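>>> Need coordinates for the below:
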Amino acid sequence: MQDPNEDTEWNDVLRAKGIIPPKEPEITEDQIADMIDQAVEKHAKGGKDMDEMDLAELDEIEDDITEEDEKAFEEYRRKRMAELQAMSSKPRFGSVVEISGQDWVQAINKAGEDIWVVVHLYKNGIELCNILNHRFVELAQKFPFTKFIKAVATTCIPSYPENNLPTIFIYLNGEMKEKIIGRDSFPSGKVTLEDTEWILSQTGCIETDLSENPRKPIEDVLSKTIY
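Numbers count the residues shown, from 1 in each chain. Take a look at the predicted model:
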């Protein structure tokens, strides 16, 4: 049987005479994206975003999906399944690895395809270095798909200047993408977990749920007091 949606002169004649229904309009990628967004917003469960749900949770809400949203939901479900499969195949870390210079190439340059590596060069006795080592432990647990590494600076780079510490190097696919060097690269005062997370998120190595710089309210207050 000939497809009534097929673009042929014969079908055009049949449509003009009302014998077959008008051709269904093609749905653009933008329209599909909008449909998915609407379905996500409409059917988010208990305040939990659908992109945070596993497949079992998606199955639970499938019965509540209306016929008009079904196509968008199935598209989203396929997308989510692909994301979960990709995540399951990625190595998980979850802790901070201490290395020396001889481990550098294997641990960092050969870490693996599409693996973000965050390296903290430090020296014992420098307060900010000690704080960042603690923050790295917390962030490694929170972002297990990013590889967090620490190393005493001079064991990797002999005669590395102490005034450059702390130093953070960020690698992807064996190449350095960003570097954060020295005390001036960090907020003054106590560097919190949120401060460190925000700074690293700006490089792309982690995906934070922080909506803005945690120091911004303080900066706004200070700026209003300066004339």
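>>> thought Ala107 was touching Ile99?
Yes. Using Cβ atoms under 8 Å, Ala107 is in contact with Ile99, at 5.0 Å. Just so you know, the C-beta spots here come from the backbone N, C-alpha and C atoms, and that holds for glycine as well.
>>> quick one: common contacting residues for these two?
When contacts are counted by Cβ atoms under 8 Å, 6 or more residues apart in numbering, Ala107 and Ile99 have Ile149 as shared neighbours.
>>> where exactly do the strands run in the chain?
Ranges of strands in the chain, per DSSP state E, are 96-98, 116-122, 147-152, 167-172, 175-181.
>>> any chance of these in CSV, plus distance to Arg135?
Converted to CSV, the strands of the chain look like this (distance: least, Cβ to Cβ, whole Å):
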stretch, distance to Arg135
strand 96-98, 10
strand 116-122, 9
strand 147-152, 10
strand 167-172, 11
strand 175-181, 13
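>>> Tyr160: which of those is closest?
strand 116-122 (6.7 Å; Cβ to Cβ).
>>> Okay, angle between the closest one and strand 147-152 too, please.
20 degrees (axes from the mean of the first three to the mean of the last three Cα atoms, to 10 degrees).
>>> Name every strand pairing with strand 116-122 and say which way it goes.
In the sheet, strand 116-122 lines up against strand 147-152 (parallel), strand 167-172 (antiparallel) (DSSP bridges).
>>> Of those strands, flag the one that's most buried.
strand 147-152 (a mean of 23; mean count of other Cβ atoms under 10 Å).
>>> List the contacts of it.
With Cβ under 8 Å, 6+ apart as the criterion, strand 147-152 contacts 93, 95-101, 104, 107-108, 111, 115-124, 133, 136, 139-140.
>>> Give the rounded mean pLDDT of stretch 161-176.
The predicted model gives stretch 161-176 an average pLDDT of 95.
>>> domain assignment for this protein?
Annotated domains of the chain cover 9-89, 96-217 [automatic domain parsing].
>>> Confidence-wise, which of the ones you listed is weakest overall?
domain 9-89 (a mean of 61).
>>> Out of the strands of the chain, which gets nearest to Ile206?
With respect to Ile206, and counting by Cβ to Cβ, the nearest of those is strand 116-122 at 7.3 Å.
>>> How about residues contacting that closest one?
Residues contacting strand 116-122 (Cβ under 8 Å, 6+ apart): 107-108, 111, 129-130, 132-133, 136, 145-153, 156-157, 160, 165-172, 200, 204-206.
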